[in-house]
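1. Fold the following.
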Amino acid sequence: MRFSLNVPNFGDFADARNVAALAVVAEEAGWDALFLWDHVVHYRDSPRPVGDPWMLLTAAALATSRIGLGTLVTPVARRRPHQLARQVATLDRISTGRVIFAAGLGGPVEDEYGSFGEPTDEALLAERLDEGLGLLERYWTGERITHHGRHFHADDVALLPRPVQSPRPPVWIAGFWPNRRPMRRAARWDGAVPLFRSAGHGRVPPADEVRELVTYVRRHRPDDRRDTPFEVVVGGVTPANGPASTARDIIGPLLDAGATWWDERLPMDHPGLSDFGTVLARAEQGPPRL
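-> Numbers count the residues shown, from 1 in each chain. You can find the predicted model right below:
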């Protein structure tokens, strides 16, 4: 199992210097990745500083050499795929191949989409997500492409330079379990980043639900991808400086159920969610000991 830290791109983490400092500490302490949220306002009735995640991750990439970097998650449906492809490829080159790209619908939809006159129908957004993901994969080849889809168009264009990673950065897909459609989408890519309706963000999901999800995804993997690696990312809070037995009690059943990443993340209602000092202290203590 690998271990990541997860922070929002608002509050103290809207400052690229804080994100870079956190990434340095996380790398030195043995964490495998640092993930940022990708929001433009989050909740429009609660204004706060918000940073662009790709700019923030660029600062982290320039300050580190090993740790993986990415978003959990980027709403492809509210971005232009050609611009997003450029941002991801550029960060992958700056970081010498350390980007992990996670995608989903994003939300809250009314705040993140509706505030700017974007469509809020989730079925339509799912269409844009799937079409956008397909375009990203093609853009990252560096080859000339032409695409006339329902939502996006490209006319004989090639985006160079391509990412360092080949054939592309890993793509993980988010969704709420037990909704099946997002996990069928995830099965076509490289990983799943589920949230669970039975356990909110930052709270440990039930192992039996993780096992059910893993079984479902495996059943829906395309034949040509059944033997390729597939990541399952779950998360919550583990006690800092606690005994290894405590971490095993929390994470062990999830590992047995098929999870491959533990993402250390505070609950949405935690007062230290976007506080640099709170997260830095946890980062310094290193990943859970199993």
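
2. going forward, measure contacts between C-alpha atoms and count neighbours the same way
-> Noted.

3. Next one: residue 63 relative to residue 10, how far apart?
-> 20 Å (CA to CA, to the nearest Å).

4. Compare those two (neighbour count), which wins?
-> Under the neighbour definition other CA atoms under 10 Å, residue 63 and residue 10 were set side by side, and residue 10 has more, 25 against 17.

5. Which residue is the nearest non-sequential neighbour of that one?
-> residue 50 (4.2 Å; CA to CA, 6 or more residues apart in numbering).

6. For residue 232, give me its contacts.
-> 191, 192, 193, 194, 214, 258, 259, 260, 261 (CA atoms under 8 Å, 6 or more residues apart in numbering).

7. Let's verify it: helix, strand, or coil?
-> Under DSSP: H, G, I helix; E, B strand; the rest coil, residue 232 falls in the strand class.

8. Okay, and the beta partners of it?
-> residue 192 (DSSP bridges).

9. Report pLDDT for it.
-> pLDDT for residue 232: 98.

10. All the helices of the chain, in order from the start?
-> For the chain, the helices defined by DSSP state H cover 16-29, 53-63, 81-94, 109-112, 122-139, 180-187, 207-220, 244-257, 276-284.

11. Residue 241 is in contact with residue 285, correct?
-> Yes: contact criterion CA atoms under 8 Å: residue 285 and residue 241 qualify, at 6.6 Å.

12. Neighbours of residue 16, how many?
-> Neighbour number of residue 16 under other CA under 10 Å is 20.

13. go on, residue 134?
-> 12.

14. quick one: pLDDT of it?
-> Value for residue 134, per-residue pLDDT: 98.

15. Equivalent analysis for residue 244, please.
-> For residue 244, the predicted pLDDT is 71.

16. and what of residue 289?
-> On the pLDDT scale, residue 289 gets 87.

17. sorry, back to before: can I get the contacts of residue 232 in JSON lines with distance to residue 1?
-> Formatted as JSON lines, the contacts of residue 232 follow (distance: CA to CA, whole Å):
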{"residue": "191", "distance to residue 1": "14"}
{"residue": "192", "distance to residue 1": "15"}
{"residue": "193", "distance to residue 1": "15"}
{"residue": "194", "distance to residue 1": "16"}
{"residue": "214", "distance to residue 1": "15"}
{"residue": "258", "distance to residue 1": "10"}
{"residue": "259", "distance to residue 1": "8"}
{"residue": "260", "distance to residue 1": "5"}
{"residue": "261", "distance to residue 1": "5"}
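
18. And the helices of the chain: which comes nearest residue 290?
-> With respect to residue 290, and counting by CA to CA, the nearest of these is helix 244-257 at 5.2 Å.

19. Show me which residues of that closest one are buried.
-> Going by neighbour count (16 or more other CA atoms under 10 Å), the buried part of helix 244-257 is 246, 247, 248, 250, 251, 252, 253, 254, 255, 257.

20. One more: stretch 47-55?
-> Buried residues in stretch 47-55, counting neighbours by 16+ other CA under 10 Å, are found at 50, 51, 52, 53, 54.

21. Now the two most distant members of those residues.
-> 50 and 54 (12.1 Å).

22. Please identify the residue most distant from the middle of the chain.
-> Relative to the centre of the chain, the most outlying C-alpha is that of residue 156, 30.2 Å out, by CA atoms, centre = their mean.

23. one step back: closest to residue 224 out of the contacts of residue 232?
-> Out of those, the member with the shortest distance to residue 224 (by CA to CA) is residue 191, at 15.3 Å.

24. list the contacts for the closest one?
-> So residue 191 contacts 170, 171, 172, 173, 230, 231, 232, 233 (CA under 8 Å, 6+ apart).

25. Residue 9 reaches residue 36, doesn't it?
-> Yes: counting by CA under 8 Å, residue 9 does reach residue 36; the two are 5.9 Å apart.

26. State the number of residues packed around residue 240.
-> 15.

27. should've said residue 197
-> With other CA under 10 Å as criterion, residue 197 counts 12.

28. how about the helices of the chain in TSV, adding distance to residue 45?
-> Shown next, in TSV, are the helices of the chain (distance: least, CA to CA, whole Å):
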stretch	distance to residue 45
helix 16-29	24
helix 53-63	21
helix 81-94	27
helix 109-112	9
helix 122-139	22
helix 180-187	28
helix 207-220	34
helix 244-257	35
helix 276-284	23
